[in-house]
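> the following block contains a protein sequence and its predicted model.
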Amino acid sequence: MRDPDKLTLKLIELLEKDPGQTIKQLAEELNVNRTFLAGYLKALESQGYVRSKKIGPAKVYFNVKKAEEVVR
């Protein structure tokens, strides 16, 4: 894994403080486009920084540490 950039660090920090957030919630908090963030989170998940879980119609995200406790 390469060194995370500022957006990645902010996302991980947000998910550590409040795990299980949706793309909409994260996009509002970070003031970024939801479509951009969806692709960004998909890339971060493939790199092992975050994990997701589908809960009903929503996909929620966790940082990897919290995900190990929740996503099983």
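The structure has been received and is ready for your questions.

> phi, psi for Arg51 please.
Main-chain dihedrals, Arg51, degrees, to the nearest 10: phi -130, psi 160.

> and if you look at the one 4 residues further on?
The phi/psi pair for Ile55 (degrees, to the nearest 10) reads phi -120, psi 110.

> who touches it in this structure?
Gly20 (CB atoms under 8 Å, 6 or more residues apart in numbering). (C-beta placed from N, C-alpha, C; glycine too.)

> is it in a bridge, and if so with what?
Beta-bridge partners of Ile55, counted by DSSP bridges, are Ala58.

> which neighbouring elements make contact with the helix or strand hosting Glu45?
Using DSSP states H and E, Glu45 sits in helix 34-47. In terms of contacts (3 or more CB pairs under 8 Å, 6 or more residues apart in numbering; DSSP states H and E), helix 34-47 is packed against helix 6-17, helix 23-30, strand 50-55.

> tell me the spacing between the nearest residue to Val50 once chain neighbours are set aside and Lys53.
Nearest residue to Val50, sequence neighbours excluded (CB to CB, 6 or more residues apart in numbering): Leu44, at 4.8 Å. Distance of Leu44 to Lys53, given as CB to CB, to the nearest Å: 15 Å.

> quick check: phi and psi at Pro57.
Main-chain dihedrals, Pro57, degrees, to the nearest 10: phi -80, psi -10.

> and it, how many neighbours?
Using other CB atoms under 10 Å, Pro57 has 6 other residues around it.

> next one, pLDDT for Val70 please.
Per-residue confidence (pLDDT) for Val70: 49.

> next: Ala43.
According to the prediction, Ala43 has pLDDT 94.

> let me have the helices and strands packed on helix 34-47 in JSON lines, extended by distance to Tyr61 and mean pLDDT.
What follows is those, written out as JSON lines (distance: least, CB to CB, whole Å; pLDDT from 0 to 100):
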{"stretch": "helix 6-17", "distance to Tyr61": "6", "mean pLDDT": "91"}
{"stretch": "helix 23-30", "distance to Tyr61": "7", "mean pLDDT": "95"}
{"stretch": "strand 50-55", "distance to Tyr61": "5", "mean pLDDT": "94"}
